[in-house]
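sequence plus predicted model, see below.
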Amino acid sequence: MNVITKTIDLGNGLVITLETGKLAKQANGSVTVRVGNLVMLATVVSDKEAKDGVDFMPLTVEYQEKYASTGRFPGGFFKREARPSEYEILVCRLVDRALRPLFPEDYHANTQVQITLYSNDKDTMPDAYACLAASAALAVSDVPFSGPISEVRVGRVDGQLVLNPTISQLAVADMDIVVAATHDSIVMVEGEMKEVSEEDMLAAIKVAHDAIRLQVAVIKELEAAVGSATKREYSHEKNDFDFKAKVIADTYPSILAAMRDSKAKHDRSAAIKEVLEAYKATFTAEELAEKGELLKKYFHDSEYEAARDLVLKEKVRLDGRKTNEIRPIWSEVDYLPGTHGSAVFTRGETQSLTSVTLGSKLDEQLIDGAMFKGYNRFLLHYNFPSFSTGEARANRGTSRREVGHGNLALRALKNMIPGPEVNPYTIRVVSDILESNGSSSMATVCAGTLALMDAGVKIKSPVSGIAMGLISGKNGEFAVLSDILGDEDHLGDMDFKVTGTKDGITACQMDIKIQGLSYEILLQALAQAREGRLHILGEMMKTLSEPREDYKPHAPRIEKIMIPKEFIGAVIGPGGKVIQEIQRETGTVIVLEEVGDKGVIDISADNKESIDAAIARIRAIAAVPEIGDVYEGAIKSIMPYGAFVEFMPGKQGLLHISEVSWERLDSLEGVLKEGDKIKVKLQDVDPKTGKYRLSRKVLLPKPEKQ
């Protein structure tokens, strides 16, 4: 067994160990990553041959966290790991988006990267090491790959940038970004921030890149030690470069003209398809049978060149806009009368219909993963039906793309949701994309902001979002595009989404398709993005500029009260009897939890009268009886020596037979009976037992002596 180990020292006690040659040796490549108690295994397996008709990179990235890694049992009936959680899907996407651009364009063999977390402590974020592990596994394999690459997380804690911060550090950080890069260039950025500046974000990216260079250097050492620098030979494409030159020369002028003349998405697609069909008509059936697939491929290459030249040489975009121009915007709020808040946001040919639902603490989402366990009070779900792009496609459940886009919008908005002292609600935002031609996740952010304000949620500041693109030339020329179209994303070099308020950035997501993106271009993209999102924010404010003063009439009302800890049991009652009775009789939903030395109670209902009635009942139970105060109570039981009177909810005292009347009574029969309402005065409280002594006679006129 030839075990090879390399270490990476990132400083501040953060030492990463890479190991290969011990585990999973039948995979094409496998590497174990260790950081403290974290043990993560990454494997890569790639078929030797590509399947017929495959003209893309069939890459699958899987990430799984074993519950045993943190000493926990999985939930559910089967007590075993099941389908990936949303968090695991998001980690898959972080790795996939970083790796995919670095495989050769002509490599089409089915390739699977699997990353498994086998051990960890409860304060280490494993996602920061997943891409490092995957890249190292590719490096020690014979699979062609233009790496190495790695990822790091950067958090800003108390004004200081921290590499791969712990979970407890992230809880107080105002910046949390994950950066992927090769030695030379940034490949991907994703994260959330609490209204930070563009300059601060760029500084964090530079710190991340310096750390990544250290990791990449060690991966190269590992690759050299294994002796895997020579990659497998493959032939997954058949090319005829003379034919390619002919196709491009023949079709380029017509494609360019179609792009100039057709500004709308479907019109442009139809016009380009006409060019293709007309060109195919110049070939015989035998020629198409022989070279039809190559023709389609090279026609797409011609389309690619034409679109880029239109921008770089003619300074015209596919829809006729300037590089920094935003498409027309219109929006509307309160569109869905039955919801608690709603908005339609339309920018060009992209449209989101978003709703807001307000719920109680009982509606919180339970998070029960291997690493994270708790509750989520703010949910955002993003749906992308096929009709939004004019396609007929079966809906097969939530896609990874939908999970990723929804998470980006959630991170953009979540830090603007006030805390429970201002916002007592669990909030669910749902964005349905009705039209899509570029940046539907950013439309979700804008529609989500408007819908939240329409619902009366007192967000800290409105948020808007924009997607930026890049077209770069062979001689160093480039154009940064604001508010990109779907085709500009597909044919361009960058998709950079930025969200923020007027005061700073709240989230970002960047994917780069080329190597060598300079910080100069990145800074220009950030500056242009700020200009664009502030313009979009201004258009949104024309529809609704601040949260509504009150919630909708049909929205649930929630009041929060606190009681001393010692009264929690009395409010709940034996077996929950008291609290259930209050809910049934007042028509409310009551949630009680112990926080420190207090009982925190959320009371929700669809009207204020019900809430007030429940509060009165609870306050009565939690009130402290005062000696000398007069109460109206009900007789609960009669004994030979007196009556027990419930003078406050849950509190009974003894009305001794001698305290019922000024007259001497031998029995209470005929004087009092169970259920009678009487007024009593609290005379005393036994300091040892806490029992209450009541009197009725002191409230009655004292008879004169005969």
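Cool, got the structure. Residues are numbered from 1 along each chain as shown.

the stretch 501-650 of the chain: strands as residue ranges?
Ranges of strands within the stretch 501-650 of the chain are 504-512, 557-564, 589-595, 598-605, 630-639, 642-648, based on DSSP state E, counting those that start in this stretch.

quick one: the helices in the stretch 51-200 of the chain?
86-99, 127-139, 167-170, 198-226 (DSSP state H, counting those that start in this stretch).

pick the most buried one from these.
helix 127-139 (a mean of 28; mean count of other C-beta atoms under 10 Å). (C-beta placed from N, C-alpha, C; glycine too.)

could you dump the helices of the stretch 51-200 of the chain to CSV with distance to A443 and mean pLDDT?
Formatted as CSV, the helices of the stretch 51-200 of the chain follow (distance: least, C-beta to C-beta, whole Å; pLDDT from 0 to 100):
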stretch, distance to A443, mean pLDDT
helix 86-99, 20, 95
helix 127-139, 27, 96
helix 167-170, 28, 94
helix 198-226, 22, 95
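
check the secondary structure at the residue nearest in space to the middle of the chain for me.
Most central in the chain under C-alpha atoms, centre = their mean is N407, positioned 3.0 Å from the mean C-alpha point. Of the three states, N407 takes helix according to DSSP: H, G, I helix; E, B strand; the rest coil.

report the contact partners of it.
86, 90, 380 (C-beta atoms under 8 Å, 6 or more residues apart in numbering).

again, only using 6 Å
By C-beta atoms under 6 Å, 6 or more residues apart in numbering, the contact list for N407 reads L90.

what stretches of this structure score poorly on pLDDT?
516, 705-706 (pLDDT under 70).

tally of neighbours for E332?
By the other C-beta atoms under 10 Å criterion, the neighbourhood of E332 contains 16 residues.

that's a strand at it, yeah?
Yes - per three-state DSSP, E332 lies within a strand segment.

my guess is it meets F345, correct?
No - using C-beta atoms under 6 Å, E332 is not in contact with F345; the gap is 8.4 Å.

picking up where we left off before, which stretch among the strands of the stretch 501-650 of the chain comes nearest P126?
Set against P126 and scored by C-beta to C-beta, the strands of the stretch 501-650 of the chain come closest in strand 504-512, at 20.1 Å.

what strands flank the closest one, and is each parallel or antiparallel?
Strand 504-512 sits in its sheet next to strand 186-196 (antiparallel), strand 494-501 (antiparallel), going by DSSP bridges.

list the buried residues of stretch 377-387.
Under the neighbour-count criterion of 16 or more other C-beta atoms under 10 Å, stretch 377-387 has 377-384 buried.

can you put the helices of the stretch 51-200 of the chain in a markdown table and add distance to A392?
Converted to a markdown table, those look like this (distance: least, C-beta to C-beta, whole Å):
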| stretch | distance to A392 |
| --- | --- |
| helix 86-99 | 26 |
| helix 127-139 | 36 |
| helix 167-170 | 43 |
| helix 198-226 | 41 |
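
which strands or helices does the helix or strand containing P253 pack on?
Assigning secondary structure by DSSP states H and E places P253 in helix 241-261. Judged by 3 or more C-beta pairs under 6 Å, 6 or more residues apart in numbering; DSSP states H and E, helix 241-261 is in contact with helix 265-280, helix 285-312.
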